[in-house]
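Student: no sequence for this one, just the structure:
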């Protein structure tokens, strides 16, 4: 009897508290993640293409030496500053989630207050 009622109330409470976890930010997350992952995946492919074309030239060894150094420098700076993408994305996501949670809490508080006022007046 009361155990089932408490379980139902607990489930409703969990659902109510997690209501801020809806899918409204999914498209924004994908829009931020896809370019980042694409860049990470295309970097080795671009290096391979550069190497294959330059290796076929008349001065292949010299060209390959140059592209090897250039790729190393490019990768160094790319991976060194990649933390900006990671930290910015994490910070934005945390801020949005916190804001949505606060908004949900305020709505819950307002709904509870209006229920109390409505229930007490009858």
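Tutor: Received it, and whenever you're ready, just let me know what you need. All values derive from a computational prediction rather than experimental measurement.
Student: Now residue 93. Nearest residue, chain neighbours left out?
Tutor: residue 29 (7.1 Å; C-beta to C-beta, 6 or more residues apart in numbering). All C-beta atoms are positioned from the backbone trio N, CA, C, and that covers glycine.
Student: What is the burial count for the one you found?
Tutor: Using other C-beta atoms under 10 Å, residue 29 has 13 other residues around it.
Student: now it: how far from residue 68?
Tutor: Separation of residue 29 from residue 68 (C-beta to C-beta, to the nearest Å) stands at 36 Å.
Student: do residue 98 as well
Tutor: Going from residue 98 to residue 68 by C-beta to C-beta gives 46 Å.
Student: swap in residue 106?
Tutor: Counting by C-beta to C-beta, the separation of residue 106 from residue 68 is 57 Å.
Student: neighbour-wise, which of these two wins?
Tutor: Taking neighbours as other C-beta under 10 Å, residue 106 and residue 68 compare with residue 68 leading, 14 against 10.
Student: any idea of the pLDDT on that one?
Tutor: On pLDDT, residue 68 comes in at 86.
Student: next one: residue 19
Tutor: Listed pLDDT for residue 19 reads 54.
Student: Give the rounded mean pLDDT of stretch 29-37.
Tutor: 79.
Student: where does the residue nearest the centre of the chain land in three-state SS?
Tutor: Centroid-nearest residue in the chain, with C-alpha atoms, centre = their mean: residue 29, separated by 4.6 Å. Of the three states, residue 29 takes helix according to DSSP: H, G, I helix; E, B strand; the rest coil.
Student: do residue 58 as well
Tutor: State at residue 58, reduced to three classes by three-state DSSP: coil.
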